[in-house]
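Peer 1: how would this look folded up:
(one chain, ligands or ions: 1)
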Amino acid sequence: MSLKVGVVGGGQLARMMIAPAVEIGIELRVLAEEPGMAAALAATAVGDYRDAETVLAFARDVDVVTFDHEHVPQDVLAALVDAGVAVHPGPAALAFAQDKLRMRARLEELGMPQPEWAAVADAAQLQAFVDAHGGRAVVKTPRGGYDGKGVRVVADAGEAADWLAALSGDGRLLVEELVDFTRELAQQVARRPSGELRPYPVVETVQRDGVCAEVIAPAPHASERLVAVAAEIGVGIAEGLGVTGMLAVELFETTDDRLLVNELAMRPHNSGHWSQDGAVTGQFEQHLRAVLDLPLGDPDPRAPWSVMVNILGGPAEDSLADRLPRVFEEHPAVKVHTYGKAPRPGRKVGHVNAAGDDLDAVVYEARAAASLFAD
Ligand code: ADP
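Peer 2: Presented below is the predicted three-dimensional model:
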């Protein structure tokens, strides 16, 4: 049996599928946006993922097409499906990850717990929502946001005037109550086209300036009830939306002990990088298994605690590789993952994973190792 997976997008998520693909003997092909990207090692094509011809030509010789990001337009996805290409996750599921308004509406239909929300077309509607929700609210552009771009806390509709002015036709912005959360969590679930599901342990994610900085797996101080509810939400969304591959559900834990869905990602996700070294089956191998409809691996943790710390920005003067000897010398138990990306302030250029029995010691170790890559 020869299995070929085509990944659209050449970023770090595609890059991190390469090692498990090699290990289990899957041929990985990547359609990269440009030469020299993070996944260049597996790039068999370079081109525009918004162009149906380009993506169809890339897909011709693979068993399944999957993604490094959720931005492939629906008309391109439809062209793939029409041509008989297996696409996982499929276009119908991806639509909910591409558009936060569609996601909110569908999650409401599924009865999922989420922040109060509305679709607003003008300043009056936005101001009415803000006034009805304690004088502050979170405005989001439904499409194209990432790492906190496209998210704004406003007290006055005027603070979103530029986004409102840019709306066209029946365009709407998403507005949500400003959730008083105690922490952010993430629940991942792998699902095969034939239906098998495997939830990962719920994790705590720490964001700084809208960007994920650290992840602790499993989430500390999590009651059995919280763990079960998070898994139930993840499984319910994976089934309800027909997600295939890895699904990540970002959650808020509120001061009154509720879990609310923030957003979804239908691909491997930063909140699951710990699993590369900390789970029996890492999320990148699991994604490949799932999109190929192969039996899923065990998602259980290998250690009581795993901690992932992102390397943000990276050294301005030298390269990450120049820092490796010292990191390896001082932190032999830490696993280093770098993305082959040029450092830019705030940019994710790599991460480190540490694991062990004592959470404080593991956090210290991971932070100390990651800090050696900072400026
Ligand atoms: P992105 O798609 O850019 O990752 P998110 O919707 O995940 O945007 O929002 C980014 C961050 O903004 C979240 O991780 C959270 O810290 C904060 N945030 C988003 N929505 C809300 C909300 N309704 N209430 C409070 N904070 C929020």
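Peer 1: Could I get the phi/psi values of the spatially most central residue of the chain?
Peer 2: Nearest to the mean C-alpha position of the chain, counting by Cα atoms, centre = their mean, stands residue 269 at 3.1 Å. Main-chain dihedrals, residue 269, degrees, to the nearest 10: phi -140, psi 150.
Peer 1: Can you tell me how far it is from the ligand?
Peer 2: 10 Å (Cβ to the nearest ligand atom, to the nearest Å). Where you see a C-beta, it was placed from the backbone N, CA and C, and this is true even at glycine.
Peer 1: Tell me the secondary structure at residue 125.
Peer 2: Under DSSP: H, G, I helix; E, B strand; the rest coil, the three-state class of residue 125 is helix.
Peer 1: That one: what's it in contact with?
Peer 2: Residues counted as contacts of residue 125 (Cβ atoms under 8 Å, 6 or more residues apart in numbering) are residue 118.
Peer 1: ok, back up a step: isn't the residue nearest to the centre of the chain up against residue 188?
Peer 2: Yes - the criterion here is Cβ atoms under 8 Å, and residue 269 meets it with residue 188 at 6.7 Å.
Peer 1: Are there residues contacting both of those two? Which ones?
Peer 2: What both residue 269 and residue 188 touch, as defined by Cβ under 8 Å, 6+ apart, is the set 246, 248, 283.
Peer 1: Tell me, how many residues neighbour the first one?
Peer 2: If I follow you right, that is residue 246. When counting by other Cβ atoms under 10 Å, one arrives at 30 neighbours for residue 246.
Peer 1: Make sure it is indeed in a strand.
Peer 2: Yes - Residue 246 sits within a strand when classified using three-state DSSP.
Peer 1: how about the nearest residue to it, chain neighbours excluded?
Peer 2: Counting by Cβ to Cβ, 6 or more residues apart in numbering, residue 246 lies nearest to residue 287, which is 4.4 Å off, once chain neighbours are set aside.
Peer 1: which bits of the stretch 51-200 of the chain sit near the ligand?
Peer 2: Residues of the stretch 51-200 of the chain found near the ligand (Cβ under 6 Å from any ligand atom) are 115, 138, 140, 145-151, 176, 178-179, 184.
Peer 1: give me phi/psi at residue 89?
Peer 2: phi -70, psi 150.
Peer 1: What separation is there between the nearest residue to it once chain neighbours are set aside and residue 131?
Peer 2: Counting by Cβ to Cβ, 6+ apart, residue 89 lies nearest to residue 266, which is 4.4 Å off, once chain neighbours are set aside. Distance check for residue 266 against residue 131: by Cβ to Cβ, to the nearest Å, it reads 35 Å.
Peer 1: Those two: which has the busier surroundings?
Peer 2: Neighbour tally, residue 266 and residue 131, criterion other Cβ under 10 Å: the higher count belongs to residue 266, 28 against 12.
Peer 1: Was I right to think that one contacts residue 95?
Peer 2: No - counting by Cβ under 8 Å, residue 266 does not reach residue 95; the two are 10.1 Å apart.
Peer 1: Might one say that residue 119 is in contact with residue 176?
Peer 2: No - Residue 119 lies out of contact with residue 176 (Cβ under 8 Å); the separation is 10.8 Å.
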